[in-house]
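Novice: Pasting a predicted model and its sequence here:
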Amino acid sequence: MLSIDLPLLSDWNGDATEGFGLAREFAGFRDLPERSAFLVDGDGIVRGAWRYEDSELPDLDEILKVARALV
């Protein structure tokens, strides 16, 4: 367990997918997001961005390392 408290974004209408330029076509579906992770600070500034292949999982150790360096 990571024991961290953070908000997560639910992009139900696709605004973030479009805004971050992550939309793609996959298996006949349009505007699906690429697998990705973003680290956004309390002021809304993106402090880290990662994209992953469909077969990859986000590297939580790397993301946490960057997050801890911001504190």
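Specialist: Ah, there it is.
Novice: For the rest of this, base every contact and every neighbour count on C-alpha atoms.
Specialist: OK.
Novice: count of neighbours near Ala49?
Specialist: Close neighbours of Ala49, defined as other Cα atoms under 10 Å, add up to 12.
Novice: Contacts only, for it.
Specialist: The contact partners of Ala49, by Cα atoms under 8 Å, 6 or more residues apart in numbering, come to Ser36, Ala37, Phe38, Leu39.
Novice: where does the first one land on pLDDT?
Specialist: As predicted, Ser36 sits at a pLDDT of 91.
Novice: Quick one: residues contacting the closest residue to it other than its chain neighbours.
Specialist: In space, and not counting its chain neighbours, Ser36 is closest to Arg51: 4.3 Å by Cα to Cα, 6 or more residues apart in numbering. The contact partners of Arg51, taken as Cα under 8 Å, 6+ apart, are Glu34, Arg35, Ser36, Ala37.
Novice: Let's have those residues in JSON lines, adding neighbour count and secondary structure.
Specialist: Shown next, in JSON lines, are these (neighbours: other Cα atoms under 10 Å; DSSP: H, G, I helix; E, B strand; the rest coil):
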{"residue": "Glu34", "neighbour count": "17", "secondary structure": "coil"}
{"residue": "Arg35", "neighbour count": "15", "secondary structure": "coil"}
{"residue": "Ser36", "neighbour count": "16", "secondary structure": "strand"}
{"residue": "Ala37", "neighbour count": "16", "secondary structure": "strand"}
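Novice: Please identify which of those residues is nearest to Leu22.
Specialist: Nearest to Leu22 out of those is Glu34 (Cα to Cα; 5.3 Å).
Novice: For that closest one, which non-adjacent residue is spatially closest?
Specialist: Leu22 (5.3 Å).
Novice: For that neighbour, list the residues it contacts.
Specialist: Leu32, Pro33, Glu34.
Novice: doesn't Asp61 fall inside a strand?
Specialist: No - counting by DSSP: H, G, I helix; E, B strand; the rest coil, Asp61 is not found in a strand; it is helix.
Novice: Thanks a lot, catch you later.
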